[in-house]
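Undergrad: Everything below, folded, please.
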Amino acid sequence: MVVLRRTAGPHRRAGLALTSAAALSVLTALSGPGPTEKIACAAGPRATPAPQIQIDKSKIDLPNHRLEMRLSLPPAEVQIKVTADSGEELADERHDFTGQAAGSPLVVTWKPSSDAVVARIEITAHDIAGGFAGVAITAWSVSIPHEEVVFKTDSSEIMESERPKLEASLQLIGAALAKHKDEFGRPTLFIAGHTDTVGATAYNFKLSQARAQSIARWFKSHGLRIPVAYEGFGEASLAVKTADNVDEPRNRRVDYILSIEEPILRATGFRPSWKRTSQ
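TA: Numbers count the residues shown, from 1 in each chain. This next block holds a predicted model:
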């Protein structure tokens, strides 16, 4: 749960591609790593304290255009503004929550004007005493498009023929870092390896981890100066759902994700343990 208090800080606009419905971070001016957002906040006319907003990132549902929030004082109106990566305004709506108790869950929805990727959500919540608080929710990660590296069967060694693909990806990573340097702070490159469902689950996990590690080490050894972390997901996060022992090329992949937090990937019953590499 993220609690927003009465604070202020520099205002920056962020526009990053999302990797999943949960790939959002609430940026505040509280101390800590990463960028900050200006938070509007004021007490009511009767000198009541300014309200506080709570937003649970796990309950931000982009596909269904809804999120859940709480206000520390009895709420009145909540305004939501949604902006696309291009700067297009997708929604600007107001919802009346008068009569709800302080701290009760408030489900805020919106109807987007297009299917453009959401880059920013602004929430302004008013309480019945006339106070208000505002928060900006922005994408916290960007996925790097790339051509998949091909490995030999049962191998995690990077073949010479595959190096141009990694060189091209390294350039794209550098470009993304330069483009978003004022928004990211100091991100980490997360390398996530995946397999299809052919073979034993435990073996697939170890193989995907070894391949992710090889790619992570390649990036570090070729000049990438930001932290690099890797993890294998095996068949726990399939891009295409299949039965067991199905040869599906789209599931044999690696994700490259720049993020200031550990990314949330689609997985069932698996808790990733990201490993850092120094070489």
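Undergrad: pLDDT below threshold where in this structure?
TA: Where the chain drops to pLDDT under 70, the residues are 1-40, 44-47, 85, 139-140, 182-184, 266-268.
Undergrad: tell me the domain boundaries of it?
TA: By the assignment in automatic domain parsing, the chain contains the domains 2-139, 142-277.
Undergrad: Now render those as TSV, adding mean neighbour count.
TA: Using the backbone N, CA and C atoms, a C-beta is placed for each residue, glycine as well. TSV is the format used below for the domains of the chain (neighbours: other Cβ atoms under 10 Å):
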stretch	mean neighbour count
domain 2-139	17
domain 142-277	17
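Undergrad: so which helix or strand takes in H126?
TA: Assigned by DSSP states H and E, H126 falls within strand 118-127.
Undergrad: and the helix or strand following that strand, what does it pack onto?
TA: For strand 118-127, the following helix or strand on the C-terminal side (DSSP H and E) is strand 132-139. Where contact means 3 or more Cβ pairs under 8 Å, 6 or more residues apart in numbering; DSSP states H and E, strand 132-139 is packed against strand 24-27, strand 41-42, strand 53-61, strand 118-127.
Undergrad: The same query, at a cut-off of 6 Å, please.
TA: strand 24-27, strand 118-127 (3 or more Cβ pairs under 6 Å, 6 or more residues apart in numbering; DSSP states H and E).
Undergrad: From I123, how far out is D96?
TA: Per Cβ to Cβ, to the nearest Å, D96 is found 15 Å from I123.
Undergrad: typo on my end, it should be Q79
TA: 7 Å.
Undergrad: how about the nearest residue to F97, chain neighbours excluded?
TA: P75 (4.2 Å; Cβ to Cβ, 6 or more residues apart in numbering).
Undergrad: Contact partners for the one you found?
TA: Residues in contact with P75 (Cβ atoms under 6 Å, 6 or more residues apart in numbering) are 97, 100, 127.
Undergrad: What's opposite the closest residue in space to the second one that isn't next to it in sequence in the beta bridge?
TA: When you say that, I think you mean Q100. Nearest non-adjacent residue to Q100, counting by Cβ to Cβ, 6+ apart: P75, 5.4 Å away. Beta bridges link P75 to D127 when assigned by DSSP bridges.
Undergrad: Tell me how far P75 lies from K81.
TA: Distance, P75 to K81, by Cβ to Cβ: 17 Å.
Undergrad: re the thing from before, show residues contacting the strand holding H126.
TA: So strand 118-127 is in contact with 15, 51, 53, 62, 71, 73-85, 132-139, going by Cβ under 6 Å, 6+ apart.
Undergrad: All the helices of the stretch 151-279 of the chain, in order from the start?
TA: Assigned by DSSP state H, counting those that start in this stretch, the stretch 151-279 of the chain shows helices spanning 163-179, 181-184, 201-221.
Undergrad: Among these, which comes closest to E89?
TA: Of all the helices of the stretch 151-279 of the chain, helix 181-184 sits nearest to E89, with 19.4 Å by Cβ to Cβ.
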